[in-house]
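[1] Task: produce atomic coordinates for the following.
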Amino acid sequence: MNDVIIIGAGPAGLSAAITCAEKELKPLVIDEYFKPGGRLLGQLYEEPDGFWWNGIRESETLYQQAINLDVEINLNTSVNNIEKQGDYWVVYTEKNTLYAAHLLLATGAAESPIPVPGWTLPGVMSVGAAQVMTNVHRVKPGNRGVIIGVNVLSAAIAMELQLAGVEVASLTLPKKNKITQSEAKPKEVMDSLLHVSHMAPSTVVRYGSKIMKNEWMKKMGISFYPKKGFKMWDIPIQLRKAVIEICGDETVSGVKLATIDSNGEVVDGSEEHIPCDFVCIAGGLYPLAELAAVAGCPFYLVEELGGYVPIHNEYMETPLDRLYVAGNITGVEGAKVAMKQGVTAGLSIAKKGGVPGLTQELNHAIQSTEQSRDNAYIQFHPDVQKGRRIIQEQWEETVGTSQLP
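    From the prediction side, this is the model:
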């Protein structure tokens, strides 16, 4: 019998496990991957102060802290079902059945696919897969690639691919259809791209991005945006181009690129062929919350957080007794925010489990989460604060209080 089972060995899950263990609880961490760290494993970027955020190193630090506290971590373990039996949560895995008084879901996020003609060819992958291949396994996805989908995630990974010596021929849009509405509209894409402009090495790009925050200037900017695009990290960011087909017989040989107008409509006769040996598709991230649904947790659609989010409060509790959530399952944000949420969840579990004197420490953890959110280097969703207010309002409507019992 464990005090708490934590599903997910990413930044939120490991941080929660460390916190629980420090409070003399006995946590068990489960993850289906063969290495701990979750999405931390693929992250590598330079922050404004010159510090390089190395996700592999950060995950190793968290893992070692957990091991030093005798936290049990079961990798290569998939969870098939969870349910509540009396006072205990029951977790069914492919190996055994586990019981705990508390259950924390830190399952992270998954990528949203964008359908593009030719996307079943070998050499086509999600942008996250390219990140893992390059940064985790040290295998180049190819020598020259095209990334379809311009957003915070694809822009950051494009930079990482460049650092690994992989040429990114173009970071461009998908063709507009019923599924790719917002991802194919230049103005809406520019709004997203402005949130990573501070990462650009060019002073001109950084200064220009500030001007583009004016709505009138955005319209002008899209109307006169050069067809060849602007370069960031020597990568053409092409908001007036769209991939209408991925080409190749047995594997990717290139893409068919076309000029689009400011509304995302293809300009007839503008097609051109761009040679490449791999293609990444970037549709963004959504909270991976299926297990919360299996448990019976209520949800609410919050676009500002990436999709359907389990209803929860600032203490990381859900309306279901002793079921908690932390990390990207609560809304797509960065690893630093996920780590702070993990600490908060760990303290909430310890407090609910009878550990005395945690009120001040818990309140400090909540404040620390907010500070980390405000100072986040990369914002996956520009209105995340609005999303947090929405989910808090839904909690209060569902439960009637925002306070930890």
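[2] Longest strand in this structure, please.
    strand 235-247 (DSSP state E).
[3] Show me what it is packed against.
    Using 3 or more Cβ pairs under 8 Å, 6 or more residues apart in numbering; DSSP states H and E, the elements in contact with strand 235-247 are helix 152-163, strand 167-174, helix 186-193, strand 230-232, strand 254-259. Backbone N, C-alpha and C define where each C-beta goes, glycine included.
[4] Flag every buried residue along that strand.
    Buried residues in strand 235-247, counting neighbours by 16 or more other Cβ atoms under 10 Å, are found at 235-247.
[5] Could you do stretch 349-362 as well?
    In stretch 349-362, counting by 16+ other Cβ under 10 Å, buried: Ile349, Ala350, Lys351, Lys352, Gly353, Leu358, Leu362.
[6] okay, among the residues you listed, which ones form the most distant pair?
    The distance between the two most remote of these (Cβ to Cβ) is 12.8 Å, for Gly353 and Leu362.
[7] Enumerate the positions of the biggest helix by length in the chain that are buried.
    Secondary structure assigned by DSSP state H gives helix 335-352 as the longest helix of the chain. For helix 335-352, a neighbour-count test (16+ other Cβ under 10 Å) marks 335-352 as buried.
[8] which helices and strands does that helix pack with?
    For helix 335-352, the packing partners by 3+ Cβ pairs under 8 Å, 6+ apart are helix 11-22, helix 55-68, strand 97-105, strand 323-325, helix 359-374.
[9] Please compute how far it lies from its chain's middle.
    Distance of helix 335-352 from its chain centroid, counting by Cα atoms, centre = their mean, to the nearest Å, is 18 Å.
[10] cool, stretch 133-151 as well?
    17 Å.
[11] do stretch 242-251 as well
    Centroid displacement of stretch 242-251 relative to its chain, using Cα atoms, centre = their mean, is 27 Å.
[12] One more: stretch 360-372?
    From the chain centre to the centre of stretch 360-372 is a distance of 21 Å (Cα atoms, centre = their mean).
[13] could you check the angle helix 55-68 makes with the longest helix of the chain?
    Here helix 335-352 runs at an angle of 20 degrees relative to helix 55-68 (axes from the mean of the first three to the mean of the last three Cα atoms, to 10 degrees).
[14] between helix 335-352 and strand 97-105, how big is the angle?
    120 degrees.
[15] Setting aside sequence neighbours, what's the nearest residue to Glu83?
    For Glu83, ignoring the flanking residues on the chain, the nearest one in space by Cβ to Cβ, 6 or more residues apart in numbering is Val90 at 5.3 Å.
[16] tell me the pLDDT at that neighbour?
    Looking at Val90, its pLDDT is 97.
[17] Just name the most buried of the helices and strands packed on helix 335-352.
    Comparing the helices and strands packed on helix 335-352 by mean neighbour count (mean count of other Cβ atoms under 10 Å), helix 11-22 ranks first with a mean of 28.
[18] Low-confidence stretches in this protein?
    187, 191-230, 401-405 (pLDDT under 70).
[19] Got the domain ranges for it?
    Structural domains annotated on the chain: 2-110+285-399, 113-281, as defined by automatic domain parsing.
[20] Just say which of the ones you listed is most tucked in.
    Among the domains of the chain, domain 2-110+285-399 has the highest mean neighbour count (mean count of other Cβ under 10 Å), at a mean of 20.
[21] Now do the end-to-end distance for that domain.
    27 Å (Cα to Cα, to the nearest Å).
[22] Could you do stretch 291-302 as well?
    Note: stretch 291-302 ends 18 Å apart using Cα to Cα.
[23] got the contact list for that stretch?
    Stretch 291-302 has contacts (Cβ atoms under 8 Å, 6 or more residues apart in numbering) with 7, 79, 81-84, 103, 105, 107, 289, 307-311, 318-320, 323, 325, 329, 331, 387, 390-391, 394, 398.
[24] Wait, Pro319 touches Thr398, no?
    Yes: contact criterion Cβ atoms under 8 Å: Pro319 and Thr398 qualify, at 5.4 Å.
[25] which residues do these two both contact?
    Common neighbours of Pro319 and Thr398 (Cβ under 8 Å, 6+ apart) are Pro298, Ile311.
[26] was I right about Val189 contacting Thr172?
    No: the pair Val189 / Thr172 is not scored as a contact, 9.8 Å apart, by Cβ under 8 Å.
[27] Find the residues that touch each one of the two.
    Val150, Leu239.
[28] Quick check: which element contains the residue of the chain most remote from its centre?
    Within the chain, the residue lying farthest from the chain centre (Cα atoms, centre = their mean) is Gly269, at 37.3 Å. Secondary structure assignment for Gly269, by DSSP states H and E: no helix or strand.
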